[in-house]
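1. Need a 3D model of the sequence below.
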Amino acid sequence: MTFYQKLVSFRTVIFIVCVLSGSYSVAQQNLFNIPSGDITNPRKIFYQHQLNIYSDKLESKSHLVYGLGKGWDAGINLVGKGFFFAPDWRILHNDNPAKGNLYPIVMGTIQKQFNLSDHLDVNFGTQAGFNLSNKLTNKELNYYAYGIGVYHLMNHKSRIVGGLYQTNQMFVGDGNTNGVMLGYEIKLSKRFYLMGDWVSGRNDASVAVLGGMVSVSKRVQLCGGWQIPNPRTPKPQGFVFELNIMGWDLY
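-> As a prediction, the model looks like this:
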């Protein structure tokens, strides 16, 4: 193996490790693709890493939430990492606005929750940021704003989530820039939950994911589901995997 081949191989391994391990970034907690309605405990940290695995590529998103107290949390997302592995290996990257929506993207976030009753919360949040480009002229603002209602069932052990979103095409590509979000989390036992969500529309984020979650320890959860794209959307079907790490005990 030549020195150049060794260098390329080493860089490929380093890149894959970075994609799979994620980067420290901060954001609101999600089910699969929509906010869960949870607010991170004051002065505690929540980390979530999501992998979307398709027939020809892998996409990666990472979130690290910090609880501010009084119903607030805030931070940064890193979205749109990944690589194609078929027909050839190459990094997911677009920093040219003329070629469509841009990625990867670093986005700051903030979220506020209002408790309306023992069973009902309302959350408002937004995330906004710029794509990672070496050229200042190629940087474009990406944003995603939402309002959701969370109805708690079974003494706060299960929930139904519904709300509205508004975004821009630099973030979700061609198609609509506003729509509806729905989701659920149903407790089956101490450790196991059914979980799913759906985003309306015909843009790159307009999919449903149906699956479940298991708490493997007091602070670690694993989630998995099958992604089903809406009709006439660019997303393919694929498997979604999530790792959640809490800075506090779940039980």
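2. Would you tell me what the next helix or strand after the helix or strand hosting Asn142 is?
-> Assigned by DSSP states H and E, Asn142 falls within strand 141-153. On the C-terminal side of strand 141-153, the closest following helix or strand by DSSP H and E is strand 158-167.
3. can you pull out the strands in the stretch 1-150 of the chain?
-> Applying DSSP state E, counting those that start in this stretch to the stretch 1-150 of the chain gives strands spanning 45-53, 57-69, 72-84, 90-91, 105-115, 120-131, 141-153.
4. who wins for proximity to Leu243 among these?
-> Comparison of the strands of the stretch 1-150 of the chain against Leu243 by Cβ to Cβ identifies strand 45-53 as nearest, at 4.8 Å. For the C-beta atoms, the positions are set from N, CA and C on the backbone; glycine is no exception.
5. so who does the nearest residue to Ile39 once chain neighbours are set aside touch?
-> Spatially, and ignoring its direct neighbours in sequence, Ile39 is nearest to Gln113 (4.7 Å; Cβ to Cβ, 6 or more residues apart in numbering). Contact analysis of Gln113 by Cβ atoms under 8 Å, 6 or more residues apart in numbering lists Gly37, Ile39, Gly71, Trp72, Asp121, Val122, Asn123.
6. Name the residues linked to Gln113 by a beta bridge.
-> Per DSSP bridges, the residues bridged to Gln113 are Asn123.
7. now do Leu222
-> Val214, Leu243.
8. could you check the distance from it over to Phe83?
-> As defined by Cβ to Cβ, to the nearest Å, Leu222 lies at a distance of 23 Å from Phe83.
9. Neighbour count: those two, which is higher?
-> Each of Leu222 and Phe83 has its neighbours counted (other Cβ atoms under 10 Å); Phe83 has more, 17 against 13.
10. Many thanks, have a good one.
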